[in-house]
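> Quick check, what structure comes out for this input:
(2 chains)
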Amino acid sequence: MLHIHCPYCNETLPEAEFAHAGEAHVARPETPSEVSDEAWRDFLFIRENVRGLTYERWRHIHGCGRFFNAVRHTVTDRFLTTYKAGEPRPDLDKLQEADQ
Amino acid sequence: MPILPDPLQTGKLIEQDALAIEVLPELQSRLSLRVAGGDRETLAAEIDIPLPDQIGLQAPLDGGAIACLGPDEWMMTLTRDLAALVQTRAGTASVPHALVDISSRELTLVISGSDAKELLSVGCPRDLRSFTPGKACRTLCFDVPVILWCEAKDRYRLDVWRSFAPHLASLLQQSARAIKAEKDLSV
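Got it, this is the predicted structure:
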C-alpha cells in the first residue's frame, strides 16, 4: 500500500484513506458562455496523461476530507511531494534534484 | 433522541480473556461543528467549548469529548444538557458556523482489553502504534468509514454509521474469535 502525506493533517497515512481526483491545475474558464466548444471540450476531457511526473489532485476523503495536490511519478508511483490546494505548482527540476 | 430502531442491541457483543467489544447505549448527543479556521478562537470562547487546533487531537468535555477531524471540522460527544446549552449559545454567536445535531447518525462501539490494538489493526490501515490516548480521527475499519477515538491505553471507541454497524460488528467479532483461536493454539 502507498503511503501519502496529507498536507492538512501533516501526517503520512495509508492510501486507503485517500481518493484520486484527477489532474491538478485544470482551471475552469472564468466566463464559460464565451468559450468555444473546442476549448470547453479540452477543459472537460483533454488531459496530459504523461508518462513520468504529473500534478494530480487527491482527496483525503476518509480523514480530514480535504482536496490537495500531489506530484507523482506515473511509472514508479513515487510521490515527490504533496501541497495544499491553491498553492502554486512546485518546480519539478528542484523536486527531482532533492529526491536524488 | 434515537428516531430509528437500533440495528444492534446494546451491550457486550463479545467478551474473552483480553478483549471485549461493546455497543454503547445512546445516552449522549453528537454535534458536528464546522467553522473556518480563522474564527475558531472566537467561536470557542463564545460557546465555551475548547476547540483543539490540531487535526487528530481530542479534548475532554462534560460526559464526552471533542475531536478535530479536519481544518474546519469538529465532532463532539457530550451530555444532552450540555448539547442543548451549546446550541443555545451558538445561536447568538458572532461568527458564521454550522452546528448540527447528528446524534442519530452513528452508533458507538467500544473495543477494550490488551488485544484491542491487535483487533483494530486487522481492519484499520493506520499505524496504531502512534495512535495514543488523546487522539481521534476519521479513518476506515474494514473499509467502513468510522471515527476512531483512543480513550485510554487499550480502550478504543468507534463511531460508525448505523446502517454499517451490523456489518462492522460481525467482522470485528469474527476477527476477535480468530485472535482467540490463534492464542489458544499457540499455548
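
> Can you get me a residue count around A:Asn10?
Look at A:Asn10: counted by other Cβ atoms under 10 Å in any protein chain shown, it has 10 neighbours. For glycine as for every other residue, the C-beta is placed from the backbone atoms N, C-alpha and C.

> what mean pLDDT does the longest helix along chain B have?
The longest helix of chain B (DSSP state H) is helix B:165-186. What helix B:165-186 shows for mean pLDDT is 92.

> B:Tyr156 versus B:Gly113, what's the distance?
10 Å (Cβ to Cβ, to the nearest Å).

> Who has more neighbours out of the two?
Per other Cβ under 10 Å, whichever of B:Gly113 and B:Tyr156 has more neighbours is B:Tyr156, with 23 against 18.

> which residues touch the closest residue to the more buried one other than its chain neighbours?
In this structure, B:Tyr156 finds its nearest non-sequential neighbour in B:Ile111, 4.8 Å apart by Cβ to Cβ, 6 or more residues apart in numbering or on different chains. Residues in contact with B:Ile111, defined by Cβ atoms under 8 Å, 6 or more residues apart in numbering or on different chains, are B:Leu19, B:Ala20, B:Ile21, B:Leu119, B:Leu120, B:Arg155, B:Tyr156, B:Arg157, B:Leu158, B:Leu172.

> So which of those residues are in strands?
By the criterion of DSSP state E, membership of the contacts of B:Ile111 in strands covers B:Leu19, B:Ala20, B:Ile21, B:Arg155, B:Tyr156, B:Arg157, B:Leu158.

> where's the residue minimising distance to the centre of chain A, which helix or strand?
Compute the mean C-alpha point of chain A, and by Cα atoms, centre = their mean the closest residue is A:Glu56, 1.8 Å away. According to DSSP states H and E, A:Glu56 maps onto strand A:53-59.

> For the helix or strand following that strand, give me every contacting residue.
Using DSSP H and E, the helix or strand that follows strand A:53-59 in sequence is strand A:67-73. Contact partners of strand A:67-73, identified using Cβ under 8 Å, 6+ apart, comprise A:4, A:6-8, A:21, A:24-25, A:52-60, A:78-85, A:87, A:89-90, A:92, A:95.

> Intersect those residues with the contacts of chain B.
Among these, the ones lying near chain B by Cβ under 8 Å from any Cβ of the partner chain are A:Tyr8.

> just to revisit the earlier point, in the longest helix of chain B, what counts as buried?
B:Ala165, B:Leu168, B:Ala169, B:Leu171, B:Leu172, B:Ser175, B:Ala176, B:Ile179, B:Lys180 (16 or more other Cβ atoms under 10 Å in any protein chain shown).

> okay but B:Ala173 is in contact with B:Lys12, surely?
Rather than Ala, residue B:173 is Gln. No: with contact defined as Cβ atoms under 8 Å, B:Gln173 and B:Lys12 do not form a contacting pair (10.9 Å).

> Give me the common contacts of these two.
B:Ile21.

> Now tell me what touches the top strand by length along chain B from outside.
The residue-count maximum for a strand in chain B (DSSP E) belongs to strand B:144-152. The contact list for strand B:144-152 (Cβ under 8 Å, 6+ apart) reads A:62, B:58, B:65, B:67, B:69, B:75, B:106, B:110, B:120, B:124, B:126, B:131-141, B:156-161, B:164, B:167-168.
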